[in-house]
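S.K.: Quick one: sequence and predicted model below, then my questions.
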Amino acid sequence: MAKVIMIQGTMSGAGKSLLVAGLCRVMKRDGYRVAPFKSQNMALNSFITREGLEMGRAQAMQAEAAGIAPLACMNPVLLKPTDHTGSQVIVNGQVLGNMGAREYFAYKKNLLPDIKRAFQKLEGLADIIVVEGAGSPAEINLREHDIVNMGLAEVLDAPVLLAGDIDRGGVFAQLLGTLMLLTEAERSRVKGLIINKFRGDKSLLDSGIGILEEKGGIPVAGVVPYMDIDLEDEDSLTGRFGNRSRGRVDLAVIRYPRISNFTDFNVFGQIPEVSVRYVSSAADLGCPDLVFLPGSKNTMGDLGWMRQNGLEDAVKALAGQVPVCGICGGYQMMGTEILDPDGMETEGAMEGMGLLPIRTELKQEKVRRQAHGAINRLEGVFSALSGLGYEGYEIHMGQSVTEGGGSPEGPFVTGSCKNVYGTYVHGVFDKGAAAMALVKALAGRKGIALGHGDILDFKDYKEKQYEKLADILAEYLDMEQVYGMLRDAQI
């Protein structure tokens, strides 16, 4: 039976996902078979496994840190918000259906057997399982039928490390307040506290830590500094949307309300002199060197949003002047028409942007598959990608056909307007030198030369980030204390 330890946080954004990833890499380096687990995740960034099953990208990232292939059993329940009060519910990698918040709250207790089976499957593959909670265990209005925080810790008989975010302020109140709101049985599961995202002189915290340990009755297992780590974060909490700077090569990504899988553009963030801006108004768009229309959890709704706020007209005006590329939902928007006969989003039909010669029909069955091969021959700026290898995955509710009724050939479809492209493949720019080849082509179009930096394959780049993360946690967490929690666990 695998040993288990759980990371919970005082709030969303306390740093649980990175702590889990870092512990996975530290324990892997120490010679253990380790795996991540999150019973329920709410995210619009998702990943498709080799088996064609869907899971949260955060758990896929943590699996990479652990050095193992992502499996759907690492995230048995995934909620993908479709509007402010409802989500698509995915169980064991497959769509169960759409539910409103109240309906799901009443239903979720029925998912506990699925969660237990997923965990048991993972136990057969690992020596240690590092479990991530969600939000805060002190959300007492959600305590009944909890399947992701202390309710799950009880099911798994897991010791808990509780992390607080000092960067937001009030970390002592966060930690002590959380402990105060737990039941005595729940509080007894907390074996250590983590002060996360600290900046400054740690000695200034010493007196506070002494009082915290005295009043809380639980030792502090580490003070972790603010980490400059470039890894995927939970999509609802990302800081990437705040970038307003414009690099010598300026990439604009349309940020609609239900943007999904914007991790497609993280690969460009490692390239010096390149900016990735997320734009939600026509006034902010300007004239970038490339416009991306990313994935969407509600293609018709987000296209309607673009239509209302003027972004559709702004993008169409730029098409032909600068390259425009749509991925997944953005690709569907760029076609001539979107049909929704079964009411998957908005029953009926909607005119597309008319930039690509495709027609899309939304269907009940979701396409979920990994994809790889060589990029088809392209014209214009994207000709720099022709023949390069790609690896990625498709995840979409619609089927798109060309105007002649056939299926597109190759990962990219092009329009009659030069430099207009669309693809269903997420991660199409991640492999090898694809991202750099595109950036150099964009720079050449402007007549500028970029500095000669050492640009890694994106997988190699992420490996360096995992190692950096593990180095920091190994230094600032009391790993002897953490391993002691595992030895004392009754699993």
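M.R.: Looks like it came in fine. Quantities reported herein were computed from a predicted structural model and do not represent experimental measurements.
S.K.: Could you use CA atoms for every contact and neighbour count after this?
M.R.: Fine.
S.K.: L79 is in contact with I90, isn't it?
M.R.: Yes: counting by CA atoms under 8 Å, L79 touches I90, with 6.3 Å between them.
S.K.: Just give the number of residues close to N419.
M.R.: Neighbours of N419 under the rule other CA atoms under 10 Å: 21.
S.K.: Just give the nearest non-adjacent residue to it, would you?
M.R.: In space, and not counting its chain neighbours, N419 is closest to P323: 4.6 Å by CA to CA, 6 or more residues apart in numbering.
S.K.: Could you tell me what pLDDT the model assigned to that neighbour?
M.R.: P323 carries a pLDDT value of 97.
S.K.: How about V401?
M.R.: On the pLDDT scale, V401 gets 91.
S.K.: Please confirm that it is located within a strand.
M.R.: Yes: V401 forms part of a strand when assessed by DSSP: H, G, I helix; E, B strand; the rest coil.
S.K.: contacting residues around it?
M.R.: I358, R359, T360, S407, P408 (CA atoms under 8 Å, 6 or more residues apart in numbering).
S.K.: Show me what the first one is bridged to.
M.R.: If I follow you right, that is I358. Following DSSP bridges, I358 is listed with bridge partners T402.
S.K.: Give me the residue ranges of the stretch 101-250 of the chain where confidence is low.
M.R.: Where the stretch 101-250 of the chain drops to pLDDT under 70, the residues are 234-239.
S.K.: Which residue ranges of it form helices?
M.R.: Here the stretch 101-250 of the chain has its helices, by DSSP state H, counting those that start in this stretch, at 101-107, 112-123, 150-156, 171-181, 184-187, 206-216.
S.K.: Was I right to think S87 contacts R102?
M.R.: No: contact criterion CA under 8 Å: S87 and R102 do not qualify, at 10.9 Å.
S.K.: Need the contact partners of stretch 62-70.
M.R.: Residues outside stretch 62-70 that contact it (CA under 8 Å, 6+ apart): 17, 20-22, 24-25, 27-28, 33-36, 49, 59-60, 463, 466.
S.K.: circling back: so the residue nearest to N419 is in contact with D289, correct?
M.R.: Yes: P323 lies in contact with D289 (CA under 8 Å); the separation is 7.1 Å.
S.K.: Overlap of the contact sets of these two?
M.R.: If you check P323 and D289 against CA under 8 Å, 6+ apart, no residue is contacted by both.
S.K.: Where does D471 sit: helix, strand or coil?
M.R.: helix.
S.K.: for Y32, same thing?
M.R.: Counting by three-state DSSP, the backbone at Y32 sits in coil.
S.K.: Local confidence estimate at it?
M.R.: 97.
S.K.: Would you mind stating the distance between it and V131?
M.R.: 16 Å (CA to CA, to the nearest Å).
S.K.: same thing with A434?
M.R.: Distance from A434 to V131, by CA to CA: 35 Å.
S.K.: Name the residue in these two with the higher neighbour count.
M.R.: V131 (27 against 22).
S.K.: Quick one: list the elements packing against the helix or strand hosting V315.
M.R.: Here V315 sits within helix 311-318, counting by DSSP states H and E. If you count contacts as 3 or more CA pairs under 8 Å, 6 or more residues apart in numbering; DSSP states H and E, helix 311-318 packs onto helix 282-285, helix 299-309.
S.K.: wait, which of those is closest to S207?
M.R.: helix 282-285 (47.0 Å; CA to CA).
S.K.: Give me the contacts around that closest one.
M.R.: Against helix 282-285 from outside (CA under 8 Å, 6+ apart): A252, V279, N309, G310, L311, A314.
S.K.: now swap in stretch 42-57 and tell me
M.R.: Contacts of stretch 42-57 (CA under 8 Å, 6+ apart): 41, 60, 70-72, 74-81, 90, 92-94, 232, 234-236, 258-263, 297, 368-370, 393-395.
S.K.: ChimeraX command to pick out the buried ones of these?
M.R.: The ChimeraX selection below is limited to those of the contacts of stretch 42-57 classed as buried (16 or more other CA atoms under 10 Å):
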select :41,60,70,71,72,74,75,76,77,78,79,80,81,90,92,93,94,232,234,235,258,259,260,261,262,263,297,368,369,370,393,394,395
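S.K.: Strands - which of the contacts of stretch 42-57 land there?
M.R.: 41, 77-81, 90, 94, 259-260, 368-370, 393-395 (DSSP state E).
S.K.: pLDDT check: weakest of the residues you listed?
M.R.: For the ones in strands among the contacts of stretch 42-57, the pLDDT minimum is P81, 91.
S.K.: and the nearest residue to that residue once chain neighbours are set aside, what does it touch?
M.R.: Excluding its sequence neighbours, the residue lying closest to P81 (CA to CA, 6+ apart) is S87, at 3.9 Å. Contacts for S87 (CA under 8 Å, 6+ apart) come out as L79, K80, P81, N98, M99, G100, A101.
S.K.: Check G389 too.
M.R.: H372, G373, A374, I375, K431, G432.
S.K.: switch the cut-off to 7 Å
M.R.: Contact analysis of G389 by CA atoms under 7 Å, 6 or more residues apart in numbering lists G373, A374, I375, K431.
S.K.: Specify the beta-bridge partners of it.
M.R.: A374.
S.K.: picking up where we left off before, would you mind giving me the PyMOL syntax to select the buried ones in the contacts of stretch 62-70?
M.R.: Selecting only the buried entries of the contacts of stretch 62-70 in PyMOL, with 16+ other CA under 10 Å as the criterion:
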select buried, resi 17+20+21+22+24+25+27+28+33+34+35+36+49+59+60+463+466
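S.K.: and the contacts of stretch 62-70, which of them are in strands?
M.R.: With DSSP E as the criterion, strands contain V34, A35, P36 from among the contacts of stretch 62-70.
S.K.: for the residues you listed, which one is nearest E123?
M.R.: When these are compared against E123 (criterion: CA to CA), the nearest one is A35, at 8.8 Å.
S.K.: thought that closest one was touching D127?
M.R.: No: in this structure, A35 is not within contact of D127 by CA atoms under 7 Å, at 8.2 Å.
S.K.: Give me the PyMOL select line for the contacts of V401, limited to the buried ones.
M.R.: Filtering these down to the buried ones (16+ other CA under 10 Å) takes a single PyMOL command:
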select buried, resi 358+359+360+408
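S.K.: what two of the contacts of V401 are the furthest from one another?
M.R.: Going by CA to CA, the pair spanning these furthest: T360 and P408, at 11.9 Å.
S.K.: Next up, the contacts around the closest residue to S280 other than its chain neighbours.
M.R.: Distances taken as CA to CA, 6+ apart place R255 nearest to S280, at 5.1 Å, with adjacent residues excluded. R255 makes contact with Y278, V279, S280, according to CA under 7 Å, 6+ apart.
S.K.: Closest to L450 out of these?
M.R.: Y278 (22.5 Å).
S.K.: the inter-axis angle of the host helix or strand of that closest one versus helix 311-318?
M.R.: Y278 belongs to strand 274-279 when assigned by DSSP H and E. Relative orientation of strand 274-279 versus helix 311-318 (axes from the mean of the first three to the mean of the last three CA atoms, to 10 degrees): 140 degrees.
S.K.: mind checking the end-to-end distance for stretch 167-174?
M.R.: First-to-last residue span, stretch 167-174, CA to CA: 12 Å.
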